[in-house]
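Colleague: starting from these lines, generate the structure:
(one chain, ligands or ions: 2)
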Amino acid sequence: MTTPVKIAITGAAGQIGYSLLFRIASGALFGPDVPVQLRLLEIPASMQALEGVAMELDDCAFPLLDSVELGDNAEHIFNGANLALLVGARPRSKGMERKDLLDANGAIFTEQGKALNKVAAEDVRIGVTGNPANTNAMIAMNNAPDIPAERFSALTRLDHNRALAQLARKTQSRVDEITNMTIWGNHSATQYPDIYHAKINGHSAAELVEQHWIEDDFIPTVAQRGSAIIEARGASSAASAASATIDAARDWLHGTPEGDWVSMAVVSDGSYGIPEGLMYSFPVTTQDGNWQIVHDLEINDFSRAKMDASATELSEERDTVTELGLA
Ligand SMILES: NC(=O)C1=CN([C@@H]2O[C@H](COP(=O)(O)OP(=O)(O)OC[C@H]3O[C@@H](n4cnc5c(N)ncnc54)[C@H](O)[C@@H]3O)[C@@H](O)[C@H]2O)C=CC1
Ligand SMILES: O=C([O-])CC(=O)C(=O)O
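Modeller: Ligands and ions are numbered 1, 2, ... in the order given. Below you'll find the predicted structure:
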């Protein structure tokens, strides 16, 4: 029998968790032949709700679900994890400044980085969905000195998927006819969805649309989609965020198709002039659980300004984290 994969998921009783767990348990991430062991972390106040979710997992009778472990202790839950999906974070509430959010969540990701460093499996990969995702991932990475920095990534796949959907609708094509989409930067309103390298059935996407659509419609729609969902649904995106979390982990572990790439926020090595050490979204190819930034793309002035603006925001977040003494 195939050895089960141990997947730790934080914030498992939350909105995203409620979509994520059931899909992973049904084989959406590792395929139909690999059993999974779910290790679910919550805060004490949400443990009862988590027990309810675990009862529903039982009731699905998923053949691939080997075991479910619940807990509120990070070191216990991360023990032996091959994949850690860090979803749980305190959402911003009324009157909270970005700095307050970084303060509250910074403490969570400091503790979880340390716990992963101690007890995760040798081959662990860590995907951060909880916001502010890029900087949370940087904090966890900086608190896990024994885990290679390349094992951490923050989620910009939802933005990538949103960009595919918008471009497909505009050009009346199918999402699977589009390749080489890129999200640069932070998972925030400063992100830069870039279609200058994207192709639709091999043709340049930018040549199929008007520049004013890119600037006045496409970019703001993708960058502000999170707020639009909150406005419409009264709650932030959950099923789409869970779906993107799975897409990102699956492609990271199982590879990108020849000729295409995906967007992942990963630690910058200075590529494209982005300051080293920032967790910045780049176009990446993946193979056997490793990613590589796609190099030598031509960057026009329009793109350059937007890429730099998002890097500046991430540098400011890093400064705030340093002021708070977190990482
Ligand atoms: N990167 C992305 O594309 C997206 C990120 N998000 C972010 O994902 C996060 C989760 O979103 P939802 O599931 O909707 O929120 P939610 O509030 O429904 O659930 C979050 C869960 O995390 C738990 N939690 C809080 N602190 C924890 C800790 N220290 N350890 C373990 N669990 C903890 C809470 O008890 C709660 O059950 C939020 O930060 C949200 O902003 C949401 C959508 C997209
Ligand atoms: O905007 C939010 O609060 C949730 C989020 O990250 C998204 O939907 O992209």
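Colleague: report pLDDT for S310.
Modeller: For S310, the model assigns a pLDDT of 98.
Colleague: quickly find the element holding it.
Modeller: For S310, the enclosing helix or strand under DSSP states H and E is helix 301-323.
Colleague: now swap in G106 and tell me
Modeller: helix 98-119.
Colleague: does that helix reach ligand 1?
Modeller: Yes - under the criterion of C-beta under 6 Å from any ligand atom, ligand 1 is reached by helix 98-119 at I108. All C-beta spots, glycine's among them, are computed from the backbone N, C-alpha and C.
Colleague: okay, the angle between that helix and helix 301-323?
Modeller: Taking axes from the mean of the first three to the mean of the last three C-alpha atoms, to 10 degrees, one finds helix 98-119 and helix 301-323 inclined to each other by 80 degrees.
Colleague: how many neighbours does G113 have?
Modeller: 27 (other C-beta atoms under 10 Å).
Colleague: and the pLDDT for it?
Modeller: pLDDT at G113 comes out at 98.
Colleague: with G95 instead?
Modeller: The model's pLDDT for G95 equals 69.
Colleague: repeat that for A198.
Modeller: We have a pLDDT of 98 for A198.
Colleague: that one: how many residues sit nearby?
Modeller: For A198, the count of nearby residues is 20 (other C-beta under 10 Å).
Colleague: what of T2?
Modeller: By other C-beta under 10 Å, neighbour count at T2 equals 10.
Colleague: now it: closest residue in space, sequence neighbours ignored.
Modeller: Closest residue to T2 in three dimensions, ignoring its sequence neighbours and counting by C-beta to C-beta, 6 or more residues apart in numbering: V34, at 5.3 Å.
Colleague: list the contacts of the one you found.
Modeller: 2, 4-5, 27, 64 (C-beta atoms under 8 Å, 6 or more residues apart in numbering).
Colleague: any idea which of these is the one closest to N105?
Modeller: V5 (26.8 Å; C-beta to C-beta).
Colleague: hey, what's that closest one bridged with?
Modeller: When assigned by DSSP bridges, V5 has beta-bridge partners V36.
Colleague: so it sits against Q37, correct?
Modeller: Yes - between V5 and Q37 there is a contact at 7.0 Å, judged by C-beta atoms under 8 Å.
Colleague: show me which of those two is the more surrounded one.
Modeller: Taking other C-beta under 10 Å, V5 and Q37 do not tie; V5 has more neighbours (21 against 18).
Colleague: and that one, how far from ligand 2?
Modeller: From V5 across to ligand 2, the span is 26 Å (C-beta to the nearest ligand atom, to the nearest Å).
Colleague: before we move on, what about R225?
Modeller: 6 Å.
Colleague: flag every residue of the stretch 1-150 of the chain that's near ligand 2.
Modeller: So far as C-beta under 6 Å from any ligand atom goes, the stretch 1-150 of the chain lies against ligand 2 at N131.
Colleague: can you pull out the strands in the stretch 1-150 of the chain?
Modeller: Along the stretch 1-150 of the chain, counting by DSSP state E, counting those that start in this stretch, strands occupy 5-10, 36-41, 65-71, 83-86, 125-128.
Colleague: circling back to that earlier point, which parts of the helix holding S310 are buried?
Modeller: Using 16 or more other C-beta atoms under 10 Å as the test for burial, helix 301-323 gives 303, 306-308, 310-311, 313-314, 317-318, 320-321.
Colleague: just send those back as CSV, with distance to Q112 too.
Modeller: What follows is the buried residues of helix 301-323, written out as CSV (distance: C-beta to C-beta, whole Å):
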residue, distance to Q112
S303, 34
K306, 31
M307, 29
D308, 30
S310, 25
A311, 25
E313, 23
L314, 20
E317, 18
R318, 18
T320, 19
V321, 15
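Colleague: ok, the residue in the stretch 51-200 of the chain positioned nearest to ligand 1 - contacts?
Modeller: Minimum separation of the stretch 51-200 of the chain from ligand 1 (C-beta to the nearest ligand atom) falls at G88, amounting to 2.7 Å. Going by C-beta under 8 Å, 6+ apart, G88 touches 10-12, 14, 17, 41-43, 108, 130.
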